[in-house]
Structures are given as C-alpha cells and as structure tokens.
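# predicted structure and sequence below. I'll ask about it afterward.
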Amino acid sequence: MRVIDIFDTTLRDGEQSAGINLNTAEKIEIARQLERFGATIIESGFPASSPGDFDAVQRIAGIVKNSIITGLARSVKSDIDRAWEALKGAEQPHIHIFLATSPIHMEHKLMKTPDQVVEIAVESVKYARKFFPLVQWSAEDASRSDPEFLAFIIKKVIEAGATTINLPDTVGYATPSEYGALFRYMKENVTGIEKVKLSAHCHDDLGMATANTLAAIENGADQVEGTINGIGERAGNVALEEIAVALHIRKQIYGVNTGVNLKEIKRTSQLVSQLTGSLIQPNKAIVGKNAFAHEAGIHQDGMLKNPLTYEIITPELIGDASTELVLGKHSGRHAFKDRAIKMGFELNDEKLNKAFAEFKKLADSKKEILEADLFVLLTDQQINEKHIPVYELDSVQVQYGTDSIPIATVSARQPNGELISQSAAGAGAVEAIFNTLERIVAGKVHILDYRVTSIGKGRDALGEAVINLSYNGDTVTGRDVAQDVLEASAKAYLNAVNRQLVKSNQKVEVEAG
Ligand SMILES: CC(=O)SCCNC(=O)CCNC(=O)[C@H](O)C(C)(C)COP(=O)(O)OP(=O)(O)OC[C@H]1O[C@@H](n2cnc3c(N)ncnc32)[C@H](O)[C@@H]1OP(=O)(O)O
Ligand SMILES: CC(C)C(=O)C(=O)O
C-alpha cells in the first residue's frame, strides 16, 4: 500500500498561532510525544527567527531519533547557515526552505520579479544542498500562483537539488477540486517531479483544510503537513489527527497508510492543548470532548443495541476512554435504565418510569446530569412502595434581607390531600422554613442535625440537604436535592417526616395483620 509521510509542524506553524509561545522544555516534551505519535518529520522551529527557536531545534535534533527533524528557513544564506548550525547534529539533517511564488506575494511582499524569484530559489536550494542531504522547497502561496510559472520554478529547484516539493495553500483559499488539480498538473507537467516527494500544506481559512489535504492525497501527494488539534496561523493548519483517522477509517477509498500510531492521538492532542493553552472546541472531530458522547435518546438507544448505528470511530482507536452516553434532556428511557442498572439499582418499570419523569424535569434545568444526581433520584424511588399518603411540598417563598427578619411562606399538600399554607419567621431563611413546616406537619418535630452540600460541579450544581430529626419521638433522616438549597432543605424536612409516616404506617399494618 502507498505510504503517506506525516510532516508535523505543530512546533513551527502551530506555534505561529496568535497567543501561543512554547519554551524549549515544552517543545522537547511535545517533540517526544510526536515521535511516539509516529510523525515522519517534525518541523521543530525556525532557527533564524530567535535564539529560543534555535535552541529548541538544536536540542530536539539531538534527542529525537525516530522522526526526521527539520527547521524552516527563508531563501537567504544567513537563515540556511543558522538552520545548519541547529540541525547538523540530527540523524538525517533536513531543511525546509520557502519562497513565495504568487503574483501578489512576489510583487508586494518580496518586491521581486518572477525571474528574480526563480534565481533566488535556485541559489538557496543549491546552497542548502552543500550541507543538507534533505532539502524541502515550498512555493509559498502556491494555490494562488500561476500554474505554468509554478511548474517552471519547481523544475528549476528540482534540478538545483530539492528532494521534496511542497505546494502550500498558504491562505486557505483553494477548494478541494482546485487543490487536487494543482497536484495533478505538477505531476503531469514538471519534468523530474517523479524524483522528489510532493507535499501538501493546507490552512483552514475556509474550513476546507481536511478536504483539500485528502484531495491532494487522491491526486498524488506523498506527504501531508499539518498540526495537532489544527492549531496554526489564523484559522489554523489541517489537523493531522483528522487526516490520520480519515485515511484509516476510509482506507478502501484512499488506499494509503501513514505510520501514525493512532492510539497516541488523544494523548498527543491533550499534551499540545495543555502546553499551548489552546483549548479544543468540544465538537472538534476526533479529539473534542464530545467526539464520542451521545446525548439524544434515539442515538443512545441505537448505541445500546449496536454501537455501529452511530459510531464510525471507536474511542479506543485513538487511545481515548470509552464512549459516553451523557444523560441530559434529550435522553430516553433505554439509556436511563441502562445507567440505573450499571449503578446497581433494580427498579420495576413503574418506579423506573417515575424516576425517569423526575430525571426529565431535572434535566430541563441542568446541563448535564451527574451520577450523584441520578443516585438521589433513583434512591427516592426505593421508599414508599405501598403509596402511603404523605406530605408533598407545593411551594416555598422566603423574604430575606440582611436588615430584616426572614419570613417563610410554605404551601404543602397534607396526607389527606388538603393544600395548606403557613408562614413563620426565623433567625435565618432556613430556620424560617423549618418553623413554617413545623406548623404544617401534625406532630412534634425536633431537629437534631442538618447539612447542605453541593452535588456536582459548577454554578448549576444541585444543592443536597440532609436532615436528621425526631418526629413524634422517632429519629429519622431525610434528604433531597434541588437547584436551590432552600427548596432542598424544605423537601429534606418533609422527606424525613414522610419516611417516619411510612415507617409507622407499615408498623401499624404489621401489628394489625
Ligand atoms: C507562510 C509562513 O508561515 S512563512 C513563516 C512565517 N513565520 C514567521 O515569520 C515567524 C518567524 N519570523 C521572524 O522571527 C521574523 O519575521 C524574521 C526573524 C524571520 C525576520 O525578521 P525581520 O528581519 O525583522 O523581517 P520582517 O519579518 O519584518 O520582514 C520579512 C522580510 O523577509 C522577506 N522574506 C519573506 N519571505 C522570504 C523568503 N521566503 N525568502 C527571503 N526573504 C523573505 C520579506 O520580504 C522581508 O524583507 P525586507 O525586510 O527586505 O522587506
Ligand atoms: C512555510 C510555508 C510552508 C507555510 O507555512 C505556508 O505556506 O503556510
């Protein structure tokens, strides 16, 4: 099978992202991981650009042995000399020289005529070949260059000794059919092109970097350049993890191999994200937090019946943890039941349906339902099997101010079905609620202990209240959760009273029976 070389430029073009700045130690750590990932070539910096880049390229060239290390250089002798200084200790010294070939770049940036550009390109490649066995030459802005001129200059640099020719879509302007055609054109019109490797380098300005890179492969590219997580100048470079996985999953279409160790993808992605501080969007293909998370009930049902229904890539393939069925407002009964069973609950259909209805209510107000939330919902269904009438909270209102006495008004349905409202004051909002509830429930209540904790993470975490009280002389514990701790406290209070009611009722039944 045809082999495609993976040229990783996370440490050079990736570092060109606005806001990213890696020190040498961080670059070495990423380079080591890129070696494990299986990059054929690692572009570890631009040695002439700064002492820091020089140091990183030199150090990485001395450390990494299983990937070829390269450095970028303009078509000027001083850049090439600096690159040689940095790279002469590498196993296979490789340099990456570039020069723009599009009319706009030649005229307005380089301020050179096309003839001068050809001469500079040829001279720089010849000069580099005095030192480097491997010389990659890039026609910057190739996709906006005149194909005839491009074919001419490429022929000249091949004659000068270039070993790889790169055709960058520098500003992410090409469409897949145009970019593919550019590769075909060079293959068909440049004498000597078969002696060199042909490389693709795509930017994502129009969101077409992955499609363009794959089009280049379909049209004869031997090497693809990109970065981990797609970081890079402006909208970034093509994300190498996307290319590697696309070529693997659709091998029947592309018929090529890369040396990428797919299992290292997740780790590499996380390392790059951590050290660059560049966060990965949750829906990013392959490595996003949601790439293997299924939330919709119909999808979750399909996944439980056969994962192939909705999963074309397994998380294991890229070294990720397992698929996640996230329980949220779009989830259905199958996924809910599956999770309840995995958590050790054995609920009959009726209880499960009740818990599911509670879950749906909760999911409306909470982004993600955590296991702790489910635990509370499901345990609630394990009490009061016989449907003994109990108290039900209807509403809670509290008037609270730092300069006034808190007053609570609570409405609750009594076991006989009657809805009653009461008000009472207290030293604090919670005490006011408890004092009001004491007026509602028939019987003597004495609070022994009370705690509130948050369940879950973030500002939308649920509040859990646990209350230990004596009701008519019996000690009982109640707990409940709600979005608000005051509501949770009121519910926990009634939950304790209700448990005592259920307990004593069952006892009466046993004694009577
Ligand atoms: C498409 C790409 O990603 S190309 C790589 C881009 N990466 C970077 O630019 C990051 C590192 N760059 C740097 O640190 C600095 O730009 C340096 C050290 C390389 C140069 O800095 P300076 O000497 O101050 O020049 P500056 O960056 O302002 O301008 C670039 C000069 O290089 C010239 N130049 C641009 N590309 C090339 C090239 N491939 N070959 C020769 N000269 C070039 C420009 O025409 C300009 O020349 P001028 O000074 O005669 O007008
Ligand atoms: C130096 C070249 C290859 C580059 O980064 C680009 O054209 O985007």
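Here it is on my side, so go on. Numbering: from 1, shown residues only. Ligands and ions are numbered 1, 2, ... in the order given.
# pLDDT wise, what is whichever residue of the stretch 251-400 of the chain sits closest to ligand 1 at?
Closest to ligand 1 within the stretch 251-400 of the chain is Thr276: 15.9 Å, counting by Cβ to the nearest ligand atom. (C-beta placed from N, C-alpha, C; glycine too.) What the model reports for Thr276 is a pLDDT of 89.
# and it, what is it in contact with?
Gly14, Glu15, Ser17, Ile20, Leu22, Ile231 (Cβ atoms under 8 Å, 6 or more residues apart in numbering).
# most surrounded residue in those residues?
Highest neighbour count within the contacts of Thr276: Gly14, with 27 neighbours (other Cβ atoms under 10 Å).
# run a quick neighbour tally on the closest residue to it other than its chain neighbours.
The shortest distance from Gly14 to any non-neighbouring residue, by Cβ to Cβ, 6 or more residues apart in numbering, is to Thr227 (3.8 Å). Applying other Cβ under 10 Å, we find 27 residues neighbouring Thr227.
# go on, Glu123?
14.
# quick one: what helix or strand has it in it?
Assigned by DSSP states H and E, Glu123 belongs to helix 114-129.
# do whichever helix or strand comes after that helix and ligand 2 meet?
For helix 114-129, the succeeding helix or strand toward the C-terminus, using DSSP H and E, is strand 134-140. Yes - contact of strand 134-140 with ligand 2 (Cβ under 6 Å from any ligand atom) involves Ser138, Glu140.
# hang on, Ser421 packs against Val410?
Yes - under the criterion of Cβ atoms under 8 Å, Ser421 makes contact with Val410 at 6.9 Å.
# partners of the helix or strand in which Ile467 is found, with directions?
Ile467 is located in strand 462-471, with elements delineated by DSSP H and E. Strand 462-471 pairs in its sheet with strand 445-455 (antiparallel), strand 474-482 (antiparallel), by DSSP bridges.
# point out the most buried one among the ones you listed.
Across the strands paired with strand 462-471, averaging neighbours per residue (mean count of other Cβ atoms under 10 Å) puts strand 474-482 on top, at a mean of 19.
# just how off-centre is the helix or strand in which Lys351 is found within its chain?
Counting by DSSP H and E, the element that carries Lys351 is helix 349-365. Computed by Cα atoms, centre = their mean, to the nearest Å, the separation of helix 349-365 from the middle of its chain amounts to 29 Å.
# and the contacts of that helix?
With contacts defined as Cβ under 8 Å, 6+ apart, helix 349-365 is touched by 327-329, 331, 333, 336-337, 340, 347, 369, 373-374, 377-378, 380-382, 460, 462, 483.
# now with 6 Å, please.
Gly328, Lys329, Arg333, Phe336, Lys337, Ile369, Leu377, Leu378, Gln381, Gln483 (Cβ atoms under 6 Å, 6 or more residues apart in numbering).
# what does stretch 152-171 give?
With Cβ under 6 Å, 6+ apart as the criterion, stretch 152-171 contacts 101, 118, 121-122, 125-126, 129, 134-138, 140-143, 179, 182, 190-192, 196-199, 201-202, 205, 212.
# of those residues, buried ones?
101, 118, 121-122, 125, 129, 134-138, 140-143, 179, 182, 190, 196-199, 201-202, 205, 212 (16 or more other Cβ atoms under 10 Å).
# and the two most separated of the contacts of helix 349-365?
Lys337 and Gln483 (24.7 Å; Cβ to Cβ).
# between those two, which one's more packed in?
Lys337 (18 against 13).
# ok now do the more buried one, which residues does it touch?
Here Lys337 is in contact with Leu352 (criterion: Cβ under 6 Å, 6+ apart).
# rewinding a little: what subset of the buried ones among the contacts of stretch 152-171 is also close to ligand 1?
Contacts with ligand 1 within these, counted by Cβ under 6 Å from any ligand atom: Glu140.
# one step back: reformat the strands paired with strand 462-471 as a markdown table; add mean pLDDT and distance to Ala429.
Formatted as a markdown table, these follow (pLDDT from 0 to 100; distance: least, Cβ to Cβ, whole Å):
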| stretch | mean pLDDT | distance to Ala429 |
| --- | --- | --- |
| strand 445-455 | 87 | 12 |
| strand 474-482 | 80 | 14 |
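# out of the contacts of Thr276, flag the one nearest to Ala216.
Gly14 (19.4 Å).
# shouldn't the closest one be in contact with Ile228?
No - checked against Cβ atoms under 6 Å, the pair Gly14 and Ile228 is beyond contact range at 7.1 Å.
# just to revisit the earlier point, next, the angle from the helix holding Lys351 to strand 462-471.
Relative orientation of helix 349-365 versus strand 462-471 (axes from the mean of the first three to the mean of the last three Cα atoms, to 10 degrees): 130 degrees.
# for helix 349-365, buried residues please.
Under 16+ other Cβ under 10 Å, the buried positions of helix 349-365 are Lys351, Leu352, Ala355, Phe356, Glu358, Phe359, Leu362, Ala363.
# what of stretch 45-64?
In terms of neighbour count (16+ other Cβ under 10 Å), stretch 45-64 has its buried residues at 45-49, 53-61, 64.
# touching ligand 2 at all, that stretch?
No - if you take Cβ under 6 Å from any ligand atom as the test, stretch 45-64 misses ligand 2, and the best it gets is 8.9 Å.
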